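Student: quick check, what structure comes out for this input:
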Amino acid sequence: MMLRIPFLNRHPVVSVLRLSGAIGTSGRMTLNDEALAPTIEKAFSKGKPKAVALLINSPGGSPVQSALIASRIRRLADEKEIPVHAFVEDVAASGGYWLASAADDIWADENSILGSIGVISAGFGAHVFLARQGVERRVHTAGKSKSTLDPFLPEKKEDVERLTELLEGMHASFINQVKTRRGDRLSDETDLFTGEFWLGSRAVELGLADGVAHAVPKLKELYGDKVRLVPYTKKKGLLPKLGMNIAEDALATIEERAAYARFGL
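Tutor: Now for the predicted structure:
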C-alpha cells in the first residue's frame, strides 16, 4: 500500500499582488504603504512562494508612498531571496512605474503605458477672483516662508524657485531609483527622464520593460503549467463595506480618473 504524502508533490506557488489605483497618503481607494504592508508581507511569506508577481495599474501619485511601497517589496524580496516580476496592465506611469521598478523584471502589453519619470506640482491661484468679489485676504505669519505658495495670494518668484528646487530633488531620487534597478538595460535616449511616456513595445526598446507578456502565460512559462497563482489584494475595512464612505469614495474616484486621463485612459 502506497501512502500519499501531500507536501512531496506540491506545485510551485506564485503570490500575485495587485497594485491598482492612484498612490496617496490616505484613503481606502489609494495605494499607500500603511494599508498595503500586511498584504505585501503575506504575499512574501504565506505558502512559501517561488516568486511574487505584481499586477500594476497605476497612474502614480505620492513620491514618498511610491518609494515606501517599492522599498518594502524590495526589502522582502532580498531578505527571503524571492524573485519579483511586474506585469503592467493599462498604465505604470510616474509613481506607478516606481512600483514596477521594484521588480527584477517588467512585462507589459503592447498597448500599456509606461514611463512619465518626472515630478509634478499643480494648483490654482484665486487672488484675482477674490479681489473681484471684494474679498480681502489677511495673512499673518511668524517666519517669512510660512505663506509660501498660498493660492489666495499672488505668486512670488522666490516661492516658485523654492518649489522647483524641491521638485528637482524628488526627480533626482526617482531617476536614481530607475537607474539603480534597471541598470544597463536602459537606453541612452535623452528624453528618458523628461516625464515622457510610451507604449509597451516602445518601452521595451528603451529598456523600461523587459518584454511584451501577460501574467498567466509568462508565469507558466517560468514556473511550469502546474504553477498555483495565489491572489493577494488590500482588504476593505468594515465602514466601506457598510457603504458609509460614499462622499469620500466619490471624491477619490474623480481624482483618480483625472490622473488616468493624463494618459488617455
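
Student: count the residues that sit near the nearest residue to residue 11 once chain neighbours are set aside.
Tutor: Nearest residue to residue 11, sequence neighbours excluded (Cβ to Cβ, 6 or more residues apart in numbering): residue 226, at 4.1 Å. Any C-beta I mention is one placed from the backbone N, CA and C, and that applies to glycine too. If you count neighbours by other Cβ atoms under 10 Å, residue 226 ends up with 10.

Student: wait, isn't residue 226 in contact with residue 10?
Tutor: No: using Cβ atoms under 8 Å, residue 226 is not in contact with residue 10; the gap is 9.5 Å.

Student: against residue 170, how distant is the residue nearest to residue 11?
Tutor: Residue 226 sits 44 Å away from residue 170, going by Cβ to Cβ, to the nearest Å.

Student: shouldn't residue 171 be in contact with residue 116?
Tutor: No: Residue 171 lies out of contact with residue 116 (Cβ under 8 Å); the separation is 11.5 Å.

Student: which of the two has more neighbours?
Tutor: A count of neighbours by other Cβ under 10 Å puts residue 116 above the other of residue 171 and residue 116, at 24 against 18.

Student: got the contact list for the more buried one?
Tutor: Residues near residue 116 by Cβ atoms under 8 Å, 6 or more residues apart in numbering: 60, 93-94, 97, 195-197, 263.

Student: between those, which sits nearest residue 221?
Tutor: Residue 221 has its nearest neighbour among the contacts of residue 116 in residue 97, at 23.8 Å by Cβ to Cβ.

Student: what about residue 57, which SS state?
Tutor: Secondary structure, DSSP: H, G, I helix; E, B strand; the rest coil: residue 57 is strand.

Student: okay, now it: neighbour count?
Tutor: As a burial measure, residue 57 scores 18 neighbours (other Cβ under 10 Å).

Student: distance of it relative to residue 221?
Tutor: 22 Å.

Student: how about residue 111, nearest residue that isn't a chain neighbour?
Tutor: Spatially, and ignoring its direct neighbours in sequence, residue 111 is nearest to residue 199 (5.9 Å; Cβ to Cβ, 6+ apart).

Student: list the buried residues for stretch 200-214?
Tutor: 200, 203-204, 206-210, 212-213 (16 or more other Cβ atoms under 10 Å).

Student: again with stretch 67-79
Tutor: 67-70, 72-74, 76-77.

Student: low-confidence stretches in the stretch 1-150 of the chain?
Tutor: Low-confidence segments of the stretch 1-150 of the chain (pLDDT under 70): 1-9, 26-29, 123, 127-131.

Student: mind listing the helices for it?
Tutor: 33-45, 63-80, 95-100, 127-132 (DSSP state H, counting those that start in this stretch).

Student: and residue 184, which of those is closest to it?
Tutor: For residue 184, the closest of the helices of the stretch 1-150 of the chain is helix 95-100, at 17.7 Å, according to Cβ to Cβ.

Student: and the strands in the stretch 51-200 of the chain, which stretches?
Tutor: 51-58, 84-93, 105-108, 113-115, 197-199 (DSSP state E, counting those that start in this stretch).
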